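Enquirer: here are the coordinates; sequence isn't available:
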């Protein structure tokens, strides 16, 4: 039975989440229709552009993404304290970028004179908007609904574009975050759509590689052609790694970018070998620092989305603590957690 959203997203437990949205009936509504030959790949551009538009509005950072033919993966980090620090004008301005807003709020943003009763009403609305601007549910709603309307208008149809609500997995610590990011970034390789991370279109790993070393793009002509427009307009900045934001480490993924790129490269080779239990030579040092078991990690990055872990990914002790907090005796994935994440 699906869990209520409040039992899957708890900012007291973690600020990072892996979110997945799938197209209805898992059809290739963002790819090529095998029956008609019509190509809908341009919708992947819509989705990626919308992701970064929302990141510029919400107090939510994008750590990883993969826009596939029939589903979208996101790893998101909620910056609740940032939203709490925004003043009322900032909250209102951001909200009006998403929706037309109530006339009273528009008057407030325009600096018009308001009565005390009107100010009180605006204040109540602002607090509601503030909470929404660090809500993953609202982020995903603002991503999925416009894309569905745009696609339906293009197809001249009505009805669902997405399979109901998005699914989410809470990432309970840094090891779970890095493992989930790598899993998301490797989607095109697992789907045989790419042979290397830098060839994995519409992923965060491709973006990070091209931003880190644009010379690599010369080896990938398609990426080189789209680099200027994509990276300068449609694509915003991903959440940085610690060495990319030395002056603001609390707003960064607490590892170095090169360590992560090495991990994904190594992981991609493990996936291509097609041997879930095999371990390539030269283990990335980050696996040891994260206390992740290499053999279990290889199985994790090859896993089916509906197996092993449920709505939570992290060390066994943290999953047990969370189960107790939610009044549960068990959370799916505890066996996998014990195998993947070694005790500190």
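Expert: Cool, the structure landed. If you're wondering where the values come from, they're calculated on a predicted model, not measured in any experiment. Numbering: from 1, shown residues only.

Enquirer: OK, contacts around the residue lying closest to residue 160 once chain neighbours are set aside?
Expert: Distances taken as CB to CB, 6 or more residues apart in numbering put residue 24 closest to residue 160, at 4.9 Å, once the chain neighbours are dropped. Heads up, the C-betas are built off the backbone N, CA and C, glycines and all. Counting by CB atoms under 8 Å, 6 or more residues apart in numbering, residue 24 makes contact with 159, 160, 161, 162, 163.

Enquirer: what would the residues you listed look like in JSON lines with pLDDT, neighbour count and secondary structure?
Expert: Below are those laid out as JSON lines (pLDDT from 0 to 100; neighbours: other CB atoms under 10 Å; DSSP: H, G, I helix; E, B strand; the rest coil):
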{"residue": "159", "pLDDT": "86", "neighbour count": "8", "secondary structure": "coil"}
{"residue": "160", "pLDDT": "87", "neighbour count": "11", "secondary structure": "coil"}
{"residue": "161", "pLDDT": "89", "neighbour count": "21", "secondary structure": "coil"}
{"residue": "162", "pLDDT": "91", "neighbour count": "20", "secondary structure": "strand"}
{"residue": "163", "pLDDT": "87", "neighbour count": "16", "secondary structure": "coil"}
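
Enquirer: Just the closest of those to residue 42, please.
Expert: Nearest to residue 42, judged by CB to CB, of the contacts of residue 24 is residue 161 at 14.7 Å.

Enquirer: How about the contacts made by the residue nearest to the closest one when sequence neighbours are not counted?
Expert: Excluding its sequence neighbours, the residue lying closest to residue 161 (CB to CB, 6+ apart) is residue 148, at 3.6 Å. The contact partners of residue 148, by CB under 8 Å, 6+ apart, come to 160, 161, 162.

Enquirer: Please report how far the first one lies from residue 149.
Expert: Read that as residue 160. 11 Å (CB to CB, to the nearest Å).

Enquirer: circling back to that earlier point, between the contacts of residue 24, which is nearest residue 334?
Expert: Of the contacts of residue 24, the one sitting nearest to residue 334 (CB to CB) turns out to be residue 163, at 27.0 Å.

Enquirer: And the closest one, its phi and psi?
Expert: Residue 163 adopts backbone torsions of phi -80, psi 80, taken as degrees, to the nearest 10.

Enquirer: That one touches residue 20, doesn't it?
Expert: No - using CB atoms under 8 Å, residue 163 makes no contact with residue 20, being 9.6 Å away.

Enquirer: Look up how far residue 108 lies from the residue of the chain most remote from its centre.
Expert: Each residue of the chain has a distance to the centre, and by CA atoms, centre = their mean the biggest one is for residue 115: 41.8 Å. According to CB to CB, residue 115 stands 12 Å off from residue 108.

Enquirer: what does residue 311 give?
Expert: Residue 311 is 38 Å from residue 108, by CB to CB.

Enquirer: Compare the two (neighbour count), which wins?
Expert: More crowded of residue 311 and residue 108, by other CB atoms under 10 Å: residue 108, with 24 against 20.

Enquirer: pretty sure that one is touching residue 92, no?
Expert: Yes - counting by CB under 8 Å, residue 108 does reach residue 92; the two are 5.8 Å apart.

Enquirer: which neighbours do the two share?
Expert: residue 122.

Enquirer: where along this structure do the strands fall?
Expert: Along the chain, the stretches classed as strands by DSSP state E are 16-22, 60-67, 71-78, 167-171, 312-313.

Enquirer: For residue 343, which of the ones you listed is the nearest?
Expert: Closest among the strands of the chain, using CB to CB: strand 312-313, at 16.2 Å.
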